[in-house]
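**Student:** just the structure for this:
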Amino acid sequence: MLTLDRKNYSNIIKQCAVTISLNASSTLLSLMIGHLGFNEANIVVIYLLSVLITSRYTKGYAYGIVASVISILSFNFFFTIPLYTFKVEDKSYYFTFIVMLTSAVFTSALTSKLLHSKEMTDDREKQAHILYSLTSSLAKTSEVLDVAKVSSKCLSNLLGCDISCILANDKSKSQILTVKRGCFDINNIEADWNEIEIIVKNHHSFPIKIRGKCISYICFPQEMDEMIESNKFLFDSIVMQITIAMEREILIEEKENANTETQNERFKNNLLRSISHDLRTPLTRITGASEMLYHSLKEDESLKLVSEIYEDSRWLTKLVENVLSLTRIQEGRLALNIKEEAVEEIVAESIARASKYYPDHKVSINLPDEVLFVPMDGKLIEQVLINLVDNAIKHTTPQNEIIVSIWPEGGKVWFEVYNNGLSINENDIPNLFKMFYVGSNKIPDSRHGMGLGLSICKAIINYHGGEIYAENNEEGGATFKFYLKA
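**Tutor:** Numbering: from 1, shown residues only. Got it, this is the predicted structure:
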């Protein structure tokens with residue numbers, strides 16, 4: 001503040017010196033031409049010219065008005081009778097003084113207004129040049145770091161000051177890019193948040209925020225506070241242009257990443273589908289051949305071997321079917337054939353198919369008295385129930401209970417698969433329906449751990465407009481249930 005006051009005081013002294021010097025010069029020139037025989041009208045014109053020049057080379061209306069008053073007093077003192085006094089004997093001079101003062105003030109005001117308009121035009125032209133140069137440079141950038149470098153260089157060159165651009169990073173150390181005045185080299189250093197806070201505090205800093213998150217700071221020297229306050233629109237526009245450029249680069253990067261992920265996903269799905277189709281035929285043959293051998297062989301060791309071949313091939317066939325279903329779901333090609341289906345028939349068929357290879361496990365069914373018809377894709381809902389019952393069988397022993405219950409409630413039909421075998425680890429419940437997630441519970445047959453069945457169940461139910469849930473029972477075991485809209 002003290003430096004600012006001294007600067008203003010020095011500026012006032014300078015303006016006053018210009019005013020007095022021009023008036024003194026006009027007086028000397030008027031005295032010279034007076035001795036040469038020129039009349040008072042010429043002297044008045046010289047004083048008016050001095051007022052005009054004063055208004056041109058000073059700032060504000062005050063100096064022009066002061067110059068007008070001093071000119072009248074000088075004219076009265078040096079050129080009206082009696083000379084060298086401020087007395088006026090000829091009353092007509094009062095009219096001359098009034099006309100002279102009015103003309104001087106009007107000329108001074110008009111000149112000051114024109115100069116002010118010119119200054120505003122020059123400022124706007126300069127601002128437009130700065131914004132155009134910055135925008136043109138930012139249009140050539142290709143990443144956020146590039147935007148920061150170009151912004152620092154461009155602003156330092158256009159504004160003639162040191163510029164620092166801070167790139168904030170939550171995951172690693174942030175970067176501070178600094179360009180010194182008159183230098184085109186960028187000093188790039190890493191810094192932690194404590195160092196950044198100190199730099200931001202000691203500078204006039206503008207945050208760059210995208211989606212509510214501050215990703216960068218543009219830091220100007222504190223000496224530029226007065227300039228920034230008087231040109232707020234310019235600096236707000238600069239910050240807006242840098243923000244738009246950084247947001248553009250972030251969006252482009254996100255789009256490229258999304259395209260890459262989409263291409264990778266498409267490639268993965270094509271590969272899985274191709275492999276699954278190639279495996280399906282030989283697996284079907286192996287399964288069929290092993291089943292025929294199992295029914296025709298008599299020796300116990302051979303039967304055991306063929307039984308293992310059959311179980312493994314059946315497991316692989318189911319895995320292939322799940323992979324094919326998965327690829328169809330991810331690509332949005334899961335076609336639904338919705339029609340009214342009898343719930344009792346769907347449930348009975350599902351349980352029969354799921355328990356066919358586990359004769360020792362008993363599955364009970366609780367159905368309502370009335371026959372329920374629900375709009376659904378019967379084959380897909382059968383697949384969901386088969387997966388849930390099969391999952392319950394794997395986590396129970398023949399001594400445990402497995403109960404499938406159906407009931408209508410509030411415009412929905414609920415399907416529930418209950419068992420009192422192994423409970424689900426509480427930490428696994430939120431992730432059970434995620435693709436490829438394998439629970440922490442270990443089951444005797446380690447083959448059954450690909451993490452596809454439940455995620456496919458969820459996708460099918462969601463396609464039907466329903467939801468699926470999993471929870472532990474108080475007495476042990478777990479319950480899976482889902483609903484379909486009636």
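
**Student:** does the closest residue to residue 465 other than its chain neighbours have beta-bridge partners, and which?
**Tutor:** Nearest in space to residue 465, with sequence neighbours left out and distances taken as Cβ to Cβ, 6 or more residues apart in numbering, is residue 485 at 5.6 Å. Using the backbone N, CA and C atoms, a C-beta is placed for each residue, glycine as well. Beta-bridge partners for residue 485, by DSSP bridges, are residue 412.

**Student:** residues in contact with residue 485?
**Tutor:** By Cβ atoms under 8 Å, 6 or more residues apart in numbering, the residues touching residue 485 are 374, 375, 411, 412, 413, 464, 465, 466.

**Student:** and the buried ones among those, selectable in ChimeraX?
**Tutor:** Restricted to buried positions by 16 or more other Cβ atoms under 10 Å, the ChimeraX selection for those reads:
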select :374,413,464,466
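
**Student:** biggest separation within the contacts of residue 485, which pair?
**Tutor:** Spatially, the most separated pair among these is 411 and 464, at 14.1 Å (Cβ to Cβ).

**Student:** any idea where the helices of the stretch 101-250 of the chain begin and end?
**Tutor:** Taking DSSP state H, counting those that start in this stretch, the helices of the stretch 101-250 of the chain run over residues 144-159, 193-201, 225-230, 232-296.

**Student:** any idea which of these is most buried?
**Tutor:** helix 144-159 (a mean of 21; mean count of other Cβ atoms under 10 Å).

**Student:** contact partners of that one?
**Tutor:** Against helix 144-159 from outside (Cβ under 8 Å, 6+ apart): 129-130, 133-134, 137-138, 140-141, 162-165, 167, 175, 177-181, 183-184, 186, 215-216, 218, 220, 224, 238, 242, 245-246, 249-250, 253.

**Student:** please redo it, this time with the cut-off set to 7 Å
**Tutor:** 130, 133-134, 137-138, 141, 162-163, 165, 167, 177, 179, 181, 184, 186, 216, 218, 238, 242, 245-246, 249-250 (Cβ atoms under 7 Å, 6 or more residues apart in numbering).

**Student:** low-scoring pLDDT stretches of the stretch 1-150 of the chain, where are they?
**Tutor:** For the stretch 1-150 of the chain, the stretches with pLDDT under 70 are 1-8, 60-61, 100, 104, 108.

**Student:** closest one to residue 21 among the helices of the stretch 101-250 of the chain?
**Tutor:** Comparing these under Cβ to Cβ, the one sitting nearest is helix 225-230, at 28.4 Å.

**Student:** list of residues touching the closest one?
**Tutor:** Outside helix 225-230, the residues that touch it by Cβ under 7 Å, 6+ apart are 204, 220, 235.

**Student:** could these be laid out in a markdown table, adding pLDDT?
**Tutor:** As requested, the contacts of helix 225-230 are exported to a markdown table (pLDDT from 0 to 100):
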| residue | pLDDT |
| --- | --- |
| 204 | 88 |
| 220 | 90 |
| 235 | 85 |
